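Engineer: Any chance you could fold what I've pasted below:
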Amino acid sequence: MTAYSRECVREKIPTEVRLKPTANEPMERVASTMLPIELLGHECALEAHAFQSRDGTEQLIVLINRTETAHPAAIPLVRIHSGCVTGDIFHSLRCDCHQQLQSALQMITDAPFGALVYIPYQEGRGIGLFKKIQAYAHQDQGLDTVDANLAVGSPVDARDYSLACEALRDLEITAIRLLSNNPDKLRELKLHGIDVVERIAMKPEPNPHNAHYLATKRQRLAHDW
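Structural biologist: Residues are numbered from 1 along each chain as shown. Have a look, this model is predicted:
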């Protein structure tokens, strides 16, 4: 992974608020603005687009880095990231979520054109924060991450990517280079009309707290890197 060595500088985009989706849209883009973030000691300004389902039960945000040197036909580097309170916020060592999020942001902001689709309500592969902590307790008793989800009465993976795909299409992104170790994610995106021209594996560094978790993802969920 190359060190983050430049400051992202982009022209401001107009702030946009859209309150009334058309009747046949399954989702709506409710606002667009610029979001300055700090990444590895540098300030970076990204486009921020907020989406929600028509019934208001699902939301996500898409952050886009698009430099002036990006070719109009460039295929963006895209990470679709499931929100993880324990990892993204508290930097939990029991998973690799924070590490993958930071690596993805670095790669996206180093690329001429890249996007992060952040889905905040897919904790624990979609089972929610409360059940995730319950699943952790089962893992403390020796279950792996797959069997722990089943032990709390949840699916192994309950995530849905349909809203993410709708958001990408709304932003006129229909072909992507996907940052992911998960072949199921690639298949799901293709089923929803997104052309994944390349899947680029992330390479998390295991630690004593998540080595078994990472091995389980490889052995039982076919993740690779």
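
Engineer: Show me the helices in the protein, by range?
Structural biologist: Applying DSSP state H to the chain gives helices spanning 97-110, 123-126, 129-140, 145-151, 162-170, 183-191, 211-221.

Engineer: Share the number of residues neighbouring Thr33, please.
Structural biologist: 15 (other C-beta atoms under 10 Å). For the C-beta atoms, the positions are set from N, CA and C on the backbone; glycine is no exception.

Engineer: If it is in a bridge, with which residues?
Structural biologist: Ala48 (DSSP bridges).

Engineer: what about the closest residue to Leu39 other than its chain neighbours, neighbour count?
Structural biologist: Nearest residue to Leu39 in three dimensions, chain neighbours excluded: Leu105, at 5.7 Å (C-beta to C-beta, 6 or more residues apart in numbering). For Leu105, the count of nearby residues is 22 (other C-beta under 10 Å).

Engineer: Now do the contacts for Leu105.
Structural biologist: By C-beta atoms under 8 Å, 6 or more residues apart in numbering, the residues touching Leu105 are Ile37, Leu39, Arg79, Leu116.

Engineer: Quick check: bridge partners of the most centrally placed residue in the chain?
Structural biologist: Taking C-alpha atoms, centre = their mean as the criterion, His81 is the residue nearest the geometric centre of the chain, at 1.3 Å. Going by DSSP bridges, His81 is paired in beta bridges with Tyr118.

Engineer: separation between it and Val62?
Structural biologist: Counting by C-beta to C-beta, to the nearest Å, the gap from His81 to Val62 is 11 Å.

Engineer: The residue nearest to Leu39 and Leu150, how far apart?
Structural biologist: Note on Leu105: its distance to Leu150, by C-beta to C-beta, is 32 Å.

Engineer: what is the mean pLDDT for stretch 177-193?
Structural biologist: For stretch 177-193, mean pLDDT is 94.

Engineer: Between the two ends of that stretch, how far is it?
Structural biologist: One end of stretch 177-193 to the other measures 14 Å (C-alpha to C-alpha, to the nearest Å).

Engineer: for stretch 198-216, same thing?
Structural biologist: With C-alpha to C-alpha as the measure, stretch 198-216 spans 24 Å from end to end.

Engineer: which regions of the protein sit below the pLDDT cut-off?
Structural biologist: By pLDDT under 70, the weakly predicted segments of the chain are 1-25.

Engineer: re earlier: how about TSV for the helices of the chain, with distance to Val30 added?
Structural biologist: Listed next are the helices of the chain as TSV, based on distance: least, C-beta to C-beta, whole Å:
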stretch	distance to Val30
helix 97-110	23
helix 123-126	22
helix 129-140	24
helix 145-151	32
helix 162-170	11
helix 183-191	23
helix 211-221	33
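
Engineer: and among those helices, the most buried is which?
Structural biologist: Highest mean neighbour count of those: helix 123-126, a mean of 22 (counted as mean count of other C-beta atoms under 10 Å).
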